[in-house]
Structure formats: structure tokens, C-alpha cells
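Participant: pasting the structure only:
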């Protein structure tokens, strides 16, 4: 699949990209093209009982999140981290009518509610015939199907809504379990992961790059619980993405020096809250143009 994606993305607006988008307008053609990449193997993936709208696919509600978690409860973490797993799942959903249109993967998520079908048609038939617009739609489809493999390990966590939702639920459930005395439920913790400014992207980037220690369950869950507690309006409740990066970088350094992963999660959370978070510099004030 990686080589096919490289070939597809090699020329913006090229013939292969146009062929790909044209196929995305037809369920059968699209599934045949994707399956021709040769990555779908093993058992037939499970699919939900309900048919998803384009909005459920691109912006899953918590109700859809519960369906995602239940349907693919048996997935191993190593399987869920592979783009091919989600490509395979989505192809099966299209073929079994659980996703009505393969073009849904190109739909707008910026509030315009422009359908994937219309966006693809616009890219293919625009008088300007912009290579960038064609390339953007291709990348939209790839990201939402399972990820752009050229982006490395974090693409599935960040770019595929179904996979991202699955991961958020798993980590939220893990954080609730490790903090058994917490009053926070899985939905609250998951919402923090999905909605807190920049938190998910910084967490995943850290876990899949040089700060892999952040991925230890006790440390990861402590960070999630800490960020969730800020939603109650406590000190530094408005941490921006730069401050979150600073916080996680400091936690990573401390984890190496002190072996935070060997401590109880409650102890790690207390260290983050009492010792590390107070060291984070305040937000930089925006300078007004004179």
C-alpha cells in the first residue's frame, strides 16, 4: 500500500490522481481500486450494524464512538496502528452498505457541509483544473480511509476519524481504569482528548517520536487526567498548544530521570500537577499593531 500511495501522490493533479477521484464517485470501482493495492488480507473485518451518514463518518458523536469501540473491541493496538487495518474496514463497510458513498471520505469538515461528491466533482471539472485541489481531495480520502503512510506512524492516530475515535476511547477507558477513584467517566475523558486545544496532536507526536516514554500507560493516563482536570477551570485552564508541548516535554525529561513509569499513576499525576505544571511559562501576549 505504501508504494501505491507514493505513486498516487507523486504528481499533483496527475492522471492517476484523477482516476482515483473518479473511482471514489463509484463504490464498486473505488473498492476494486483500493483492494488492488494488495494489502487486504486475513479475516473479513467486522462492520457496525447501522449505516453511517457522512457526518457520522467524518465527525463521530459519542454515540458513534461507543459503536466504534464495541464493533472493534478485539483489535490489538498493533493492528489499530496500521493504516491498512482501517482501509480494510472501510472497504468492507462500503461493500456492505454501511457507508453509503465512498465519496463521503472527501466531505468537508470545516463547517460548509459541502458533500464529498460535490468537492470531488469541483476538483475534476473546475475550469481552473487546479492540481492542488485535485491533490487535496486525494489526500482527504486517503487520510479519512486510514492515513497517508508517507506521514509515518502518527497518520492513523491523527487523520482517520474512525481510527482516531477508536484510539481516544481506548486511552480514555485506560485512564479511567488506572484512576479507579476518579469521578470522570469515559465520555468526559474522551472529549478532552478530542476537543482540548492541540492536546491530542501533541500527545501522539510525542508518543510516536523521540518521547516514546510518554506512551507508558501510567504516564499517558496521568497526562490525560491532568488535562481533563483543567476543563474545570483550574489554574492554567487555558493552556495553548505551545504550553502543552512544553508540559509534555518536561514530563518526558522527568520520566527518564525519575522513572515515572514505575510509580503509581496517582503519584505521577501529583508530580505533574504540583511540580511540573507550575513551571510552564504563561502564554505570550499578542502584540497589538501600532
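Facilitator: Perfect, thanks for sending it. As the structure is a computational prediction, the values presented were derived from the model and not from experiment.

Participant: rest of the way, CA atoms for contacts and neighbours
Facilitator: Will do.

Participant: can you give me the helices for the stretch 101-250 of the chain?
Facilitator: Assigned by DSSP state H, counting those that start in this stretch, the helices in the stretch 101-250 of the chain fall at 116-125, 131-145, 155-159, 161-178, 186-195, 199-207, 217-230, 241-258.

Participant: Mind checking those for the one nearest to residue 88?
Facilitator: Relative to residue 88, the nearest member of the helices of the stretch 101-250 of the chain by C-alpha to C-alpha is helix 131-145, separated by 8.7 Å.

Participant: Can you tell me what sits against that closest one?
Facilitator: Under the criterion C-alpha atoms under 8 Å, 6 or more residues apart in numbering, residues 9, 12-14, 17-18, 20-21, 58, 86-87, 90, 103, 105-106, 119-120, 123-124, 148, 155-156, 159-162 lie in contact with helix 131-145.

Participant: got it, and stretch 204-213?
Facilitator: By C-alpha under 8 Å, 6+ apart, stretch 204-213 touches 153-154, 157-158, 214-215, 219, 248-249, 252, 255-256, 261.

Participant: what about it, start to end distance?
Facilitator: 12 Å (C-alpha to C-alpha, to the nearest Å).

Participant: and it, how far from the chain's centre?
Facilitator: 15 Å (C-alpha atoms, centre = their mean, to the nearest Å).

Participant: just use 5 as the starting number from now, easier for me
Facilitator: Understood, numbering begins at 5; the last thing we discussed is stretch 208-217.

Participant: Endpoints of stretch 259-277, how far apart?
Facilitator: 14 Å.

Participant: what residue ranges in the protein score low on pLDDT?
Facilitator: 43-46, 131-133, 185-187, 201, 235-242, 289-294 (pLDDT under 70).

Participant: quick one, domains of it?
Facilitator: Following automatic domain parsing, one finds the domains of the chain at 6-156, 166-283.

Participant: Those into a markdown table, with extra columns for mean neighbour count?
Facilitator: Listed next are the domains of the chain as a markdown table, based on neighbours: other C-alpha atoms under 10 Å:
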| stretch | mean neighbour count |
| --- | --- |
| domain 6-156 | 17 |
| domain 166-283 | 18 |
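
Participant: Tell me how far the nearest residue to residue 267 once chain neighbours are set aside lies from residue 279.
Facilitator: Leaving aside its chain neighbours, residue 267 sits nearest to residue 222 (7.8 Å; criterion: C-alpha to C-alpha, 6 or more residues apart in numbering). Distance of residue 222 to residue 279, computed by C-alpha to C-alpha: 17 Å.

Participant: where does residue 54 fall, phi/psi-wise?
Facilitator: Phi and psi for residue 54, reported as degrees, to the nearest 10, are phi -90, psi 160.

Participant: Quick one: residues contacting the nearest residue to it once chain neighbours are set aside.
Facilitator: With C-alpha to C-alpha, 6+ apart as the criterion, residue 54 has its nearest non-adjacent residue at 6.4 Å, and that residue is residue 102. Residues in contact with residue 102, defined by C-alpha under 8 Å, 6+ apart, are 51, 52, 53, 54, 55, 56.

Participant: One more pass at 10 Å, please.
Facilitator: 51, 52, 53, 54, 55, 56, 57, 94, 95, 96 (C-alpha atoms under 10 Å, 6 or more residues apart in numbering).

Participant: Give me the spatial nearest neighbour of the second one, chain neighbours excluded.
Facilitator: So that's residue 52. Excluding the flanking residues, the one nearest residue 52 by C-alpha to C-alpha, 6+ apart is residue 75, at 6.0 Å.

Participant: hang on, isn't that neighbour packed against residue 51?
Facilitator: Yes: using C-alpha atoms under 10 Å, residue 75 makes contact with residue 51 at a distance of 6.6 Å.

Participant: Need the residues touching each of those two.
Facilitator: Common neighbours of residue 75 and residue 51 (C-alpha under 10 Å, 6+ apart) do not exist.

Participant: Next, residue 82: secondary structure please.
Facilitator: Using DSSP: H, G, I helix; E, B strand; the rest coil, the structure places residue 82 in helix.
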